[in-house]
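Engineer: Just a sequence and a predicted model for now, questions to come.
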Amino acid sequence: MGNPGLYHVLFLPEDWRPGGSYPLVVEYPGNAGYLTPRIPGYNPAVGTPDDNKLGYGISAGRGFLWVSLPFVEPGETGIARNWWGDTQATVDYCHRAVLSVCADYGGDPTRILLCGFSRGSIACNYIGLRDDSIAGLWRAFFCHSHYDGVRRWPYSDSDRVSALGRLRRLKGRPQFISHEDAGGTVAETRRYIESTSVEGDFTFAPLPYPQHTALWVLRPLPLRAQLREWVRRVLA
């Protein structure tokens, strides 16, 4: 989209055909620098769309378009590898990319899932519910590991009053919320959401291990089966 240092990554399913119509998974990455579990072949995250894994874990490469988006630096000069860069530029880039994928590759604009891990999980609300226009793109949300408004982060509008303004744009749409470490932080997120009195269709899913990673979606776990069934139901 203009600057070669600013890009997104589109994955077409193996059953893709021109003229078809497909649900679309839109995914945001975590921050650069966090360490995945010490597994050979996995390196620290670099904060770009190349880090993403959730879309493949959801789709197994069939039946869904999957686009991995960047956070955008001011002036669209490149990818913000940590936190948000220019939030409005990120919102604008998201709009253009989603509309382009739908128009050019058969994405169904009524069946779009927004998802992310870590920073990307916070972005489901922080970016995805930033204003009424972008909030209207999504059918559902999958937030893995952290949630907008639960705690303060090193940016100005991470406070709960600001986060509540974003959460109110959810308007009852479903969210699948997961977190590692035996459910303690999932319970914290549940308490936060309940304290807001914002109504929605929330599914809370604790992971029974402590690693801060999205690699579990690549494993044949019962939780992945639950997630895939949830996605198929909410995007039906």
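Structural biologist: Alright, I've got the coordinates. Everything numeric here is computed off the predicted structure, so don't read it as measured data.

Engineer: Got the phi and psi for residue 174?
Structural biologist: Here is the backbone geometry of residue 174 (degrees, to the nearest 10): phi -70, psi 140.

Engineer: next SSE after the longest strand anywhere in the chain?
Structural biologist: Longest strand of the chain, by residue count under DSSP state E: strand 107-117. As assigned by DSSP states H and E, the chain's next helix or strand after strand 107-117 is helix 119-126.

Engineer: Quick check: mean pLDDT of the helix or strand that that following helix is followed by?
Structural biologist: Heading C-terminal from helix 119-126, the first helix or strand you meet, by DSSP H and E, is helix 132-135. Helix 132-135 carries an average pLDDT of 97.

Engineer: Only alpha carbons, please: show helix 132-135 as CSV.
Structural biologist: Output in CSV follows, covering the C-alpha atoms of helix 132-135 (Å, rounded to 0.1, in the frame of the first residue of the first chain):
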residue,chain,number,x,y,z
ASP,A,132,-18.2,3.8,15.0
SER,A,133,-16.9,3.3,11.5
ILE,A,134,-14.3,0.6,12.1
ALA,A,135,-16.4,-1.0,14.8
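
Engineer: following it, which helix or strand shows up next?
Structural biologist: Counting by DSSP H and E, the next helix or strand C-terminal to helix 132-135 is strand 140-144.

Engineer: where does the protein have low pLDDT?
Structural biologist: Residues of the chain meeting the criterion pLDDT under 70: 1-2, 4, 34-43, 182-184.

Engineer: List the buried residues in stretch 168-187.
Structural biologist: For stretch 168-187, burial by neighbour count (16 or more other Cβ atoms under 10 Å) applies to 169-170, 173-180, 183, 185-186. Placement of C-beta: from N, CA and C, glycine included.
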